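Enquirer: Structure for the following, please:
(chains A, B, C and D)
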2 protein chains.
Amino acid sequence: MPAPLSQAVEDYLKAVYMLSQEERPVTTNGLAQRLGVAPASVTNMMKRLARLRLVRHEPYRGVTLTEAGQKVALEVIRHHRLLELYLSRALGVSLDRVHGEADRLEHVISEDLEERIAASLGQPDLDPHGDPIPARDGSVTVRTLHPLTAATPGQRGVIARVSDRDDKVVRYLAAAGLLPGVALEVTSTGRRVEVRLEGAPQPRRLTAGLARAIEIVVEEPGAA
Amino acid sequence: MPAPLSQAVEDYLKAVYMLSQEERPVTTNGLAQRLGVAPASVTNMMKRLARLRLVRHEPYRGVTLTEAGQKVALEVIRHHRLLELYLSRALGVSLDRVHGEADRLEHVISEDLEERIAASLGQPDLDPHGDPIPARDGSVTVRTLHPLTAATPGQRGVIARVSDRDDKVVRYLAAAGLLPGVALEVTSTGRRVEVRLEGAPQPRRLTAGLARAIEIVVEEPGAA
DNA sequence: AAACTAATTTAGTCCAGACTAATCCGAGGT
DNA sequence: ACCTCGGATTAGTCTGGACTAAATTAGTTT
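Expert: Here you go, the predicted model:
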């Protein structure tokens, strides 16, 4: 059996996967920034991961995950998102804290525990921020979402995802009731987006940073 | 604020505390064996911990925890035992697996999560093996228990504790129904101990290794 | 095509935590 | 008082994972 992977290795692989979802190619600097680490440290680790056949590293060009590397990344992400949902649902941990807690727990739970958590949640497929939970076999159900920043005035929709990157942002959004599942109408766009929550009389203005953290599913007026 | 302590440091402090409960002085070899590490590594770490004022180290004599060191150890043990109980109760993890799982989780849960777990269990004071869970303030309620190996024939009692050191042993005992809370009568002692469980017609013979893992509270015939 | 710039990689260092091999105490038996 | 022997410590090495400073490369600009 292969030696167990360190927490650091898991973190790097997870970061490569997540960055590759948002921008190609995945750069050294991008990873360094995401991980809060010096670029040289990233290069170093990428060489190690390449030796382990977990990534392909084209010097100066970027990095991609191999099959094996992606498998590890998805496993860690599955842990992370299951834990977020579990902590939120079963223990009432607030939405802005589940991310940090899960970041540490994700590396230490056994497959047995993972499965028990998944079972107790009914094999869910979305975490509390609206991100998909990869299945045990590594498959991910993708939804096509619309960033709130790209909405047009008059559009109605439902919040589908709230980025968990910055817990300050999450804390603010949660306090304002801007959570996955909440219906809203976009009343004005531009530098700042204005939305009116379902049932609320007043629209509410969001800073660019807040709006960027939200994605919605647009309501089809006459969908089947 | 002091730098956060590494997992290794927490493990060593926990081991010092637990060993000191069973034998004085706490020796380098004892720790090495307990931690599955070479004696030289222990000496090394003890010097580091002494510099951090977490232990007092008398070279060639042994080691004791300082106030600060004991506080850390009890905190980790509290985490460990709360987690064991939680995993067992809330997620149905089997008794022989909770220990290993908790050994990894104990280092990564926040104080907030610790408190939520404790609350959801009703601030318990015993873990599923019958070991006391230290309170938040570091106080530990000690019970006087009798090792099964020291019992005399005819004594009746209730299993109060099952050592979690060796999960093979725990697995066996759990399968045999020898768990905390179970009433029994000691039918014969010596090299091998024989006990009859409450309601069982046949006594059951235990190897020395199994008997050593069990402690009981002896039934007072006419207690007030 | 040459030069500049920003990103990347290399080179060298550090610390934590483990190891082995060699040395050193200290307690008990003579 | 001395020797011996097992436990403890020192000395030296290794690996993982981080850092800074210096060198290199790719892409853009002129």
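Enquirer: pLDDT below threshold where in chain A?
Expert: A:1, A:221-224 (pLDDT under 70).
Enquirer: Flag every residue of it that's near DNA strand C.
Expert: Taking C-beta under 7 Å from any atom of the strand as the contact definition, chain A meets DNA strand C at A:27-30, A:39-40, A:42-44, A:46-47, A:57, A:59-62. In short, each C-beta sits where N, CA and C put it, glycine included.
Enquirer: Mind doing that once more with 10 Å?
Expert: A:25-33, A:38-47, A:50, A:57-63 (C-beta under 10 Å from any atom of the strand).
Enquirer: how about the strands of chain A, start to end?
Expert: Secondary structure of chain A (DSSP state E): strands at A:55-58, A:62-65, A:146-147, A:156-162, A:183-188, A:193-197, A:204-206, A:214-218.
Enquirer: Can you check which of those strands gets nearest to B:Ser6?
Expert: Counting by C-beta to C-beta, B:Ser6 lies closest to strand A:55-58 out of the strands of chain A; the figure is 27.4 Å.
Enquirer: Including distance to chain B and mean neighbour count, could the strands of chain A go into CSV?
Expert: Shown next, in CSV, are those (distance: least, C-beta to the nearest C-beta, whole Å; neighbours: other C-beta atoms under 10 Å in any protein chain shown):
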stretch, distance to chain B, mean neighbour count
strand A:55-58, 26, 17
strand A:62-65, 25, 21
strand A:146-147, 31, 16
strand A:156-162, 21, 20
strand A:183-188, 30, 18
strand A:193-197, 29, 20
strand A:204-206, 28, 17
strand A:214-218, 26, 21
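Enquirer: Including distance to B:Glu114, could those strands go into JSON lines?
Expert: Shown next, in JSON lines, are those (distance: least, C-beta to C-beta, whole Å):
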{"stretch": "strand A:55-58", "distance to B:Glu114": "36"}
{"stretch": "strand A:62-65", "distance to B:Glu114": "35"}
{"stretch": "strand A:146-147", "distance to B:Glu114": "37"}
{"stretch": "strand A:156-162", "distance to B:Glu114": "27"}
{"stretch": "strand A:183-188", "distance to B:Glu114": "37"}
{"stretch": "strand A:193-197", "distance to B:Glu114": "35"}
{"stretch": "strand A:204-206", "distance to B:Glu114": "35"}
{"stretch": "strand A:214-218", "distance to B:Glu114": "32"}
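Enquirer: nearest to A:Glu115, of these?
Expert: Proximity to A:Glu115 (C-beta to C-beta) singles out strand A:62-65 among the strands of chain A, at 24.3 Å.
Enquirer: For the closest one, name the packing helices and strands.
Expert: Of the remaining helices and strands, those touching strand A:62-65 by 3 or more C-beta pairs under 8 Å, 6 or more residues apart in numbering or on different chains; DSSP states H and E are helix A:7-22, strand A:55-58.
Enquirer: Let me know which of those is the nearest to A:Gln155.
Expert: Closest to A:Gln155 of these, according to C-beta to C-beta: helix A:7-22, at 23.4 Å.
Enquirer: so does the closest one get close to chain B?
Expert: No. Using C-beta under 8 Å from any C-beta of the partner chain, helix A:7-22 stays clear of chain B, coming no nearer than 9.7 Å.
Enquirer: Is DNA strand D within reach of that helix?
Expert: Yes. Applying C-beta under 10 Å from any atom of the strand, one finds helix A:7-22 touching DNA strand D at A:Gln7, A:Ala8, A:Val9, A:Glu10, A:Asp11, A:Tyr12.
Enquirer: Looking at neighbours, which among those residues is most surrounded?
Expert: Within the residues of helix A:7-22 next to DNA strand D, A:Tyr12 tops the neighbour count with 28 neighbours, counted by other C-beta atoms under 10 Å in any protein chain shown.
Enquirer: mind checking how far that one is from DNA strand C?
Expert: Plainly put, A:Tyr12 is 13 Å away from DNA strand C if you go by C-beta to the nearest atom of the strand, to the nearest Å.
Enquirer: list the contacts for that residue?
Expert: A:Leu31, A:Leu35, A:Val42, A:Met45, A:Met46, A:Leu49 (C-beta atoms under 8 Å, 6 or more residues apart in numbering or on different chains).
Enquirer: Identify the intersection of those with the contact set of DNA strand D.
Expert: Among the contacts of A:Tyr12, DNA strand D is touched by A:Leu35, A:Val42, A:Met45, A:Leu49 when using C-beta under 10 Å from any atom of the strand.
Enquirer: follow-up on the earlier one: nearest to B:Leu126, of the strands of chain A?
Expert: strand A:156-162 (40.4 Å).
Enquirer: helices or strands next to that closest one in the packing?
Expert: For strand A:156-162, the contact count by 3+ C-beta pairs under 8 Å, 6+ apart identifies strand A:183-188, strand A:214-218 as packing neighbours.
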